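**Q** sharing a model prediction with you, sequence too.
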Amino acid sequence: MKKSAFFMLATLLLAFALSLSAPPSHQATASPPLITVLLDGRPVPFDVPPQIINGRTLVPFRLLAEAINISVNWNDVTRTISASDGTTRIILKIDDKTAQVNDLPIQLDAPPVILDGRTLIPLRFFSEAFGCRVEWDGTTYTISIASPPRPMNVIGFYALGAGVASSWLDLFGLPFPEISPGNTDMVRELALGWYSIDEQGNLLTRSPRNAWRRPPGWETVLAKAEEFGFRTEMVVHETNRGGLLTAFLNDEQAVSRAVAAILQAAARYHGVNLNLEELGPYATGETQRQIRDSLTRFVAMLMPPLREAGKTLTLTIHPPNSSFRGYDYAALGQLADRIIIMAHDYGPKPEPLNRVVQAVEMALAAVPAEKLVLAISAPSETAESILPKIGVAKRYRLQGISLWRLGLVTNEMWTAIRQTISRR
């Protein structure tokens with residue numbers, strides 16, 4: 001009897017111990033991993049994550065829509081959400097499987113729902129309504145969304161290079177002087193890197209300091225650019241290596257000489273692109289102010305006669321988060337027609353997306369989006385990494401992108417560009 005009682009007690013204690021260590025039946029199945037959403041290669045931060053409900057993927061609508069510049073409105077009385085990108089207008093109602101797309105009824109796979117104060121809609125409907133491409137990776141629970149192609153200015157830097165690295169070959173698809181459509185469907189402007197300056201303000205067509213020069217047959221390039229409808233700007237490039245630019249900018253006679261020479265040469269082009277690099281490395285305080293003011297004075301002298309002649313002025317300069325701090329974005333943005341943000345050469349390749357985003361946001365704090373262009377350096381990127389960079393320009397509604405340079409943009413990169421920017 002004692003043995004039997006002991007056995008029963010031991011069994012009960014063991015069962016009790018097991019019940020403590022085992023999870024409840026409703027926790028036995030692990031929660032599915034969180035779904036990551038990449039828009040043009042850049043993560044979209046959601047306060048309410050996407051959900052899989054009855055086999056359908058639902059995504060938070062407002063954050064995703066606004067990320068591709070779709071305006072969204074919520075009507076609390078009718079519990080409806082409306083959105084438009086200027087071409088497509090949709091209306092959805094919570095818990096209703098019928099949506100309106102440009103006033104036509106569309107049946108949804110699943111109705112919109114509200115979760116933690118956010119409206120979630122079927123991903124499939126979102127992608128089809130607004131022309132997005134969507135891919136699902138079931139192994140990583142990642143949704144990759146490519147926003148629809150949009151019109152955007154593409155400026156191709158035409159400079160240096162020969163053979164397979166020829167800008168002409170990359171643009172026109174055949175060796176100089178032959179032509180074919182090539183990649184002319186994607187480029188809208190040419191930044192022709194043919195000029196430099198010296199310390200005395202002389203405009204040079206062959207730099208003694210680097211390979212920058214105006215090539216033989218340059219008139220043919222201009223003629224074909226006009227034939228294909230490209231805008232052209234003459235690029236005046238120099239760096240501050242050896243203090244050349246510092247000396248030039250602080251010499252009033254040299255600056256006046258440069259203004260006159262640039263104005264005369266600009267008669268052959270639609271405008272001028274000043275690319276003066278490496279000003280003010282790690283400069284602070286009074287030193288930084290003096291360097292910035294000297295560049296701003298030069299631009300202020302050059303802008304009025306250019307404008308009077310009907311020419312534009314573009315500045316291609318280091319980004320606000322660069323170690324080169326000699327650029328007053330606010331002052332320069334008021335003077336110039338636009339600024340190309342050189343958001344590259346940060347070190348790692350491809351260029352770190354967070355630094356590119358930071359550069360754009362800092363520039364936007366001083367200059368309107370329509371006057372900003374994001375520079376993309378082809379040697380620093382791949383066909384995959386170039387898409388998020390273009391996505392940044394689209395997300396922040398910049399005027400467009402520039403490509404450094406024609407001759408270094410691979411066929412795979414051109415394919416990627418065509419997927420996200422409308423042909424001209």
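**A** Structure's in. What do you need? Residues are numbered from 1 along each chain as shown.
**Q** which residues touch residue 83?
**A** 61, 65, 70-73, 89-90 (C-beta atoms under 8 Å, 6 or more residues apart in numbering). Bear in mind the C-beta positions are built from the backbone N, C-alpha and C, glycine included.
**Q** so which of these belong to strands?
**A** 71-73, 89-90 (DSSP state E).
**Q** got a winner among those residues for most neighbours?
**A** Among those, residue 90 has the most neighbours (other C-beta atoms under 10 Å), with 23 neighbours.
**Q** just to revisit the earlier point, save the ones in strands among the contacts of residue 83 as CSV, and put in pLDDT and distance to residue 321 too.
**A** Converted to CSV, those look like this (pLDDT from 0 to 100; distance: C-beta to C-beta, whole Å):
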residue, pLDDT, distance to residue 321
71, 94, 30
72, 94, 31
73, 95, 35
89, 96, 38
90, 96, 38
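**Q** between those residues, which sits nearest residue 236?
**A** Proximity of the ones in strands among the contacts of residue 83 to residue 236 (C-beta to C-beta) peaks at residue 71, which lies at 40.7 Å.
**Q** any idea how far the closest residue to the closest one other than its chain neighbours lies from residue 352?
**A** Spatially, and ignoring its direct neighbours in sequence, residue 71 is nearest to residue 84 (5.8 Å; C-beta to C-beta, 6 or more residues apart in numbering). Counting by C-beta to C-beta, to the nearest Å, the gap from residue 84 to residue 352 is 34 Å.
**Q** pick out whichever of these two has more residues nearby.
**A** Higher neighbour count among residue 84 and residue 352: residue 84, with 16 against 13, using other C-beta under 10 Å.
**Q** my understanding was that that one contacts residue 70; is that so?
**A** Yes: judged on C-beta atoms under 8 Å, residue 84 makes contact with residue 70 at a distance of 6.8 Å.
**Q** what are the C-alpha coordinates of the longest helix seen in the chain, in CSV please?
**A** For the chain, the longest helix by residue count, based on DSSP state H, is helix 285-308. Listed in CSV are the C-alpha atoms of helix 285-308, where the atom choice follows Å, rounded to 0.1, in the frame of the first residue of the first chain:
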residue,chain,number,x,y,z
GLY,A,285,34.5,78.7,-37.9
GLU,A,286,36.0,81.7,-39.5
THR,A,287,38.1,79.7,-41.9
GLN,A,288,35.0,77.9,-43.2
ARG,A,289,33.1,81.1,-43.6
GLN,A,290,35.8,82.8,-45.6
ILE,A,291,36.1,79.8,-48.0
ARG,A,292,32.4,79.6,-48.5
ASP,A,293,32.1,83.4,-49.0
SER,A,294,34.8,83.3,-51.7
LEU,A,295,33.0,80.7,-53.8
THR,A,296,29.6,82.4,-53.3
ARG,A,297,31.1,85.7,-54.5
PHE,A,298,32.4,84.0,-57.7
VAL,A,299,29.0,82.4,-58.4
ALA,A,300,27.3,85.8,-57.7
MET,A,301,29.5,87.5,-60.3
LEU,A,302,29.0,84.8,-62.9
MET,A,303,25.2,84.3,-62.6
PRO,A,304,23.9,87.7,-63.8
PRO,A,305,25.7,87.8,-67.2
LEU,A,306,24.9,84.2,-67.8
ARG,A,307,21.2,84.8,-67.1
GLU,A,308,21.2,87.9,-69.3
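**Q** what lines up beside the helix or strand just after it in the sheet?
**A** Using DSSP states H and E, the next helix or strand after helix 285-308 towards the C-terminus is strand 312-317. Applying DSSP bridges, strand 312-317 is found paired with strand 271-277 (parallel), strand 338-341 (parallel).
**Q** now do the longest one and helix 285-308, the angle between them.
**A** Calculated by axes from the mean of the first three to the mean of the last three C-alpha atoms, to 10 degrees, strand 271-277 forms an angle of 160 degrees with helix 285-308.
**Q** so for strand 271-277, mean pLDDT?
**A** Averaged across strand 271-277, the pLDDT comes to 99.
**Q** again, but for stretch 411-424
**A** 95.
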